[in-house]
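A.B. asks: any chance you could fold what I've pasted below:
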Amino acid sequence: MVKNLRKPAIFFDRDGVLNEDDGYVYKPPDFKWIPGATEVIRRLKEKGYLVIVITNQSGVARGFYTEDDVIHLHTWMNKDLYGRHQQQIDAFYYCPHHPKIGNEVYQKECECRKPRPGLVRKALTDFTIDLDSSCLIGDKITDLETAEAIGIKSYKFTTENLLEFMVSKRIL
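C.D. replies: The predicted structure is shown next:
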């Protein structure tokens, strides 16, 4: 019975998968959705998936922007999605740390920096997720290693259109 209450989730890396990775994106005017990304989110939500973003944001540790800037951008992303499709991302998890760079608050080895699975583990405490029906979409090897560490399928995003990619992998 509990299995039936679990929902499948798609975990997305952010930069390079949902948005163009122009280096340390943290301002809404600099944010550009990857072609097909908003449509993918709409379709996944309509199919009953949880949509969860997990992202390393070492720009915080590097002093390029603040955690408030990250939260502001994620809030803006959901407002933009709602305006386009009346859908939103269920949760955003980010790691502001870097093991070698930053001030003492942010310079550390942590469990939340991918490829470690801390961000996914946090989602597992916040949601009732069916891991067997879930997967992670990322554009770097560290994303795929995160999925492996938690025991879910992963796909390396390698095209320019997220909708076409998701259809080609038979996720949508």
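A.B. asks: longest helix of this protein?
C.D. replies: If you go by DSSP state H, the chain has its longest helix at helix 67-85.
A.B. asks: any idea which element the residue positioned nearest the centre of the chain lies in?
C.D. replies: Among the residues of the chain, the one closest to the centroid is V53, at 2.2 Å (Cα atoms, centre = their mean). When elements are assigned from DSSP states H and E, V53 belongs to strand 50-56.
A.B. asks: elements contacting the next helix or strand after that strand?
C.D. replies: Sequence order places helix 58-61 as the next helix or strand after strand 50-56, per DSSP H and E. The elements that helix 58-61 packs onto, with contact taken as 3 or more Cβ pairs under 8 Å, 6 or more residues apart in numbering; DSSP states H and E, are helix 67-85. (Glycine included, C-beta is placed from N, CA and C.)
A.B. asks: keeping just the C-alphas, turn the helix it packs on into PDB.
C.D. replies: Extracted as PDB, the C-alpha positions of helix 67-85 are listed here (Å, rounded to 0.1, in the frame of the first residue of the first chain):
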ATOM      1  CA  GLU A  67      22.200  32.300  -1.200                       C
ATOM      2  CA  ASP A  68      19.400  34.900  -1.300                       C
ATOM      3  CA  ASP A  69      20.200  35.400  -5.000                       C
ATOM      4  CA  VAL A  70      19.900  31.700  -5.700                       C
ATOM      5  CA  ILE A  71      16.600  31.500  -3.900                       C
ATOM      6  CA  HIS A  72      15.400  34.600  -5.700                       C
ATOM      7  CA  LEU A  73      16.200  33.000  -9.100                       C
ATOM      8  CA  HIS A  74      14.400  29.800  -8.200                       C
ATOM      9  CA  THR A  75      11.400  31.800  -7.100                       C
ATOM     10  CA  TRP A  76      11.500  33.700 -10.400                       C
ATOM     11  CA  MET A  77      11.800  30.400 -12.300                       C
ATOM     12  CA  ASN A  78       8.600  29.100 -10.700                       C
ATOM     13  CA  LYS A  79       6.700  32.400 -11.400                       C
ATOM     14  CA  ASP A  80       7.800  32.200 -15.000                       C
ATOM     15  CA  LEU A  81       6.700  28.600 -15.300                       C
ATOM     16  CA  TYR A  82       3.400  29.300 -13.700                       C
ATOM     17  CA  GLY A  83       2.800  32.200 -16.100                       C
ATOM     18  CA  ARG A  84       3.600  30.000 -19.100                       C
ATOM     19  CA  HIS A  85       2.000  26.700 -18.100                       C
END
